[in-house]
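> Provided below for reference: sequence and predicted model.
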Amino acid sequence: MPVLTPRADGLVESTTPVLLPVMAPRLQGELSAAGFGDLALWGEGDLGRIRFTPLAGPYVHGPNLLTAPGGGIFVAQEAPVMVICGVAYRGFTPARRCASWDRIHHPKAGVRREKTRRRVDLPWANVLIEQRGVDLVIAAGTDIAEAERALHFSVDTILAEARAYAAHCDRLPEADPMLRSMVMQGTHAALSSVRRDERGRFDGLAAGLHYSAPARTYYRDGYWTLQLLLEAAPAMVHEEIEMLASGVQPDGEAPSGVIVSGPEQAKAWEELRTTVFGLDWIHTRSNDWWSDHFDSPLFFVLAIGDYERASGGDEPAERHWPLIKAIFERYRGFSELGLPVKPRHDRDWADNVYRGGFVAYDLGLWVGTLDVIARLGRRIDPQLSGQARVLAEQTRQAVDAALWGPDGWYADYHAPPGLEDVEPTLEHHLTLDSLTLLRHDAVPPDRALQVLEAVRANLESRHNDAQPYGDWGVMCCFPPYRHKADTRSKSAFAYRYHNGSDWPWLSGLYAEERLRRGLSGWRYPMLRWWESCLEQGWMGAVEYFAPPWGRGSLLQGWSAMPAAAALKYRDVVLAGDPG
């Protein structure tokens, strides 16, 4: 039996405690009704572990809240404060470091009593804890003033904000319980990724709970997250574009993400970056998270294009046109045989795989980027617009010749003999990330339909008897990588991470392509990952998972993609999937 069960109202219930991931604009953590929770403050770092008397079940889980017969957990939105109702304080263990990698020696922090409350002063943050009858209120801040302001929130105000936020995430109330709950949690993953600093200013889209130290915002994670935000919070998309622009270099290079840490966390990170051998080669600038990623500049242009298409505003494009032009020239300079060549390194989304040569995923993004430049440049830069339009058509023709294989899909990556600085190689297995080629219409329609049928037969685990784990989701690739030397770390193992796990953002991309082309069979990729989460007791949109290896981070922003697809095609989705 599943550990978690969706309800008709979109909430999820269980009889046993499970981890509840919480992310508000400042406060975040993982809590359990069993009586404990680990808390952190965005931009500053870990705060410590709170302990309280357990809440008896059954339990009902929603975005940033949990209710039980005797109380519940509720997180405010407008300040870093939460309340656990119906419990008594049992203790707080302060964090000894702002993050696991923090090598700076910090004095041990203690918990001291101040009249009716307890106070914890960490070098990077402050925590205030107050027992108000049967309610336990926990507030935090970069400084004591922020924590004091948060602690002034009444219990009623915190409850009202938590319930209003959960209601705001309920964006497909007409759907069946499984679909409604998935959309609610997917919306929560996207909206909760919007972070704020201590003054309330936008501070980036967080990738997820486990991607907050150092605090950073990614180009690719942010791009897939903003697919839902384009409709739900378009102003945040504009803000994210501006933040990502700060990481794009004059020559068009960009890191995997932009670091937005507060002063103490930034100090600890810079100490690590500049003293550990090799880190300053990986992160070459102080605000870079993993410099020079092959896909990041392309996502920057695509985000600007999507924002213009959704809002009608081309102001970001006009202001950042010099960067867009630099990105165009950069990738044109990488080109051989009509296509940009990715060096054999691990710097795109598959960052545990050394893909080199012509990479299907990156080429799809490149075609989409050319189309954006051609469209937006008609007014801003007609000459570049024309160049991009011609190059887009030439690229489409070259993709088919370089990557189409006899099995009926596009190879993952191919380096034919003669490419400069890349050894000849061919990884011809089927990948979900190659659907970027379909998303940007980089391939002929008949080829696209062949690919989608191949995905259905090979990557949907329910149809693939060659994988040993039964019906559990949509694999990101199959068969596993045959070039073992091209994988490292988690992806060195079959079905793990980039080597075959279900990534909800990719499942959402696949479901959206079926919907866009009027094909049935979209419900399985849209929902099977969520069904697996409920079966296992994983509350919230997970980063990735596979049966032999478990899951990644909870509450991952880009795992909102299935919800974004459902909302984009809501009429079709509500009518049901005939296949």
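Yep, it's here.
> and the helices in the stretch 451-579 of the chain?
504-516, 523-536, 561-568, 570-575 (DSSP state H, counting those that start in this stretch).
> the second one packs against which elements?
Applying 3 or more CB pairs under 8 Å, 6 or more residues apart in numbering; DSSP states H and E, we find helix 523-536 packed against helix 177-191, helix 504-516, strand 545-546, helix 561-568. All C-beta spots, glycine's among them, are computed from the backbone N, C-alpha and C.
> out of those, flag the one nearest V341.
Among the helices and strands packed on helix 523-536, the nearest to V341 by CB to CB is helix 504-516 (23.9 Å).
> for I84, what are its contacts?
L31, F52, L55, G71, G72, I73, F74, D135, L136, I138 (CB atoms under 8 Å, 6 or more residues apart in numbering).
> which one of the residues you listed is nearest V455?
Scanning the contacts of I84 for proximity to V455, where the rule is CB to CB, the winner is L31, at 37.5 Å.
> which residue of this structure lies farthest from its centroid?
Here the chain has its C-alpha centre computed as a mean, and the residue farthest from that point, by CA atoms, centre = their mean, is K115 with 42.1 Å.
> can you redo the helices of the stretch 451-579 of the chain as CSV with distance to Y89?
Below are the helices of the stretch 451-579 of the chain laid out as CSV (distance: least, CB to CB, whole Å):
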stretch, distance to Y89
helix 504-516, 37
helix 523-536, 31
helix 561-568, 36
helix 570-575, 44
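> go ahead and confirm M526 touches G186.
No: the pair M526 and G186 does not pass the contact test of CB atoms under 8 Å, sitting 9.8 Å apart.
> can you give me the buried ones in the helix or strand that contains P316?
Take DSSP states H and E as the rule and P316 turns out to sit in helix 315-319. Neighbour-count burial for helix 315-319, with 16 or more other CB atoms under 10 Å as criterion, is recorded at P316, A317.
> which strands and helices sit next to it?
When contacts are defined as 3+ CB pairs under 8 Å, 6+ apart, helix 315-319 packs onto helix 234-245, helix 296-311, helix 360-380.
> what's the closest of the helices and strands packed on helix 523-536 to D143?
helix 177-191 (26.5 Å).
> and that closest one, average pLDDT?
The average pLDDT within helix 177-191 is 98.
> let me know the angle separating that helix from helix 523-536.
Here helix 177-191 runs at an angle of 90 degrees relative to helix 523-536 (axes from the mean of the first three to the mean of the last three CA atoms, to 10 degrees).
> which other helices and strands contact helix 177-191?
Checking 3+ CB pairs under 8 Å, 6+ apart, helix 177-191 ends up next to strand 5-6, helix 155-169, helix 219-232, helix 523-536, helix 561-568.
> got the CA positions of it in CSV?
Listed next in CSV are the C-alpha coordinates belonging to helix 177-191 (Å, rounded to 0.1, in the frame of the first residue of the first chain):
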residue,chain,number,x,y,z
PRO,A,177,-7.0,13.5,-6.6
MET,A,178,-3.8,12.2,-8.1
LEU,A,179,-3.5,14.9,-10.8
ARG,A,180,-4.8,17.7,-8.5
SER,A,181,-2.3,16.8,-5.8
MET,A,182,0.6,16.6,-8.3
VAL,A,183,-0.2,20.1,-9.7
MET,A,184,-0.5,21.5,-6.2
GLN,A,185,2.9,20.1,-5.2
GLY,A,186,4.5,21.1,-8.5
THR,A,187,3.2,24.6,-8.2
HIS,A,188,4.6,24.7,-4.7
ALA,A,189,8.0,23.5,-5.9
ALA,A,190,8.1,26.4,-8.4
LEU,A,191,6.6,29.2,-6.2
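> between helix 561-568 and it, find me the angle.
110 degrees.
> helix 177-191 to helix 219-232, inter-axis angle?
110 degrees.
> next SSE downstream of helix 177-191?
Using DSSP H and E, the helix or strand that follows helix 177-191 in sequence is strand 194-196.
> which neighbouring elements make contact with the next helix or strand after that following strand?
Moving toward the C-terminus from strand 194-196, the next helix or strand (DSSP H and E) is strand 202-205. Counting contacts by 3+ CB pairs under 8 Å, 6+ apart, strand 202-205 is packed against strand 194-196, strand 216-218, helix 219-232, helix 234-245.
> one more pass at 6 Å, please.
strand 194-196, helix 234-245 (3 or more CB pairs under 6 Å, 6 or more residues apart in numbering; DSSP states H and E).
> then that strand to PDB, C-alphas only?
Extracted C-alpha coordinates of strand 202-205, given in PDB (Å, rounded to 0.1, in the frame of the first residue of the first chain):
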ATOM      1  CA  PHE A 202      14.300  39.000  -4.900                       C
ATOM      2  CA  ASP A 203      17.300  36.700  -4.300                       C
ATOM      3  CA  GLY A 204      17.100  34.100  -7.000                       C
ATOM      4  CA  LEU A 205      15.200  30.900  -7.800                       C
END
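> note down every partner strand of it and its orientation.
Using DSSP bridges, the strands paired with strand 202-205 are strand 194-196 (antiparallel).
> show me what the strand it pairs with is in contact with.
P25, R26, W42, D203, G204, A206, M236 (CB atoms under 6 Å, 6 or more residues apart in numbering).
> recalculate using a threshold of 7 Å.
P25, R26, W42, F202, D203, G204, L205, A206, A233, M236 (CB atoms under 7 Å, 6 or more residues apart in numbering).
> pLDDT (mean, whole number) over it?
In this model, strand 194-196 has an average pLDDT of 97.
> hang on, the earlier thing: mean neighbour count and distance to K490 added to the helices and strands packed on strand 202-205, as a markdown table?
Putting the helices and strands packed on strand 202-205 into a markdown table (neighbours: other CB atoms under 10 Å; distance: least, CB to CB, whole Å) gives the following:
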| stretch | mean neighbour count | distance to K490 |
| --- | --- | --- |
| strand 194-196 | 21 | 26 |
| helix 234-245 | 19 | 26 |
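> can you put these in a markdown table and add distance to G35?
Shown next, in a markdown table, are the helices and strands packed on strand 202-205 (distance: least, CB to CB, whole Å):
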| stretch | distance to G35 |
| --- | --- |
| strand 194-196 | 28 |
| helix 234-245 | 35 |
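> R355 is nearest to which of these?
Closest to R355 of these is helix 234-245 (CB to CB; 23.1 Å).
> show me the contact partners of the next helix or strand after the closest one.
As assigned by DSSP H and E, the chain's next helix or strand after helix 234-245 is strand 257-259. By CB under 7 Å, 6+ apart, the surrounding residues in contact with strand 257-259 are 214-219, 243-244, 246-247, 269, 287-289.
> over to stretch 341-358?
Counting by CB under 7 Å, 6+ apart, 220, 290, 292-295, 334-335, 339, 359, 361-362, 402-403, 412-415, 419, 421-423, 425, 433, 481, 486-491, 497-498 sit against stretch 341-358.
> cheers, nothing more for now.
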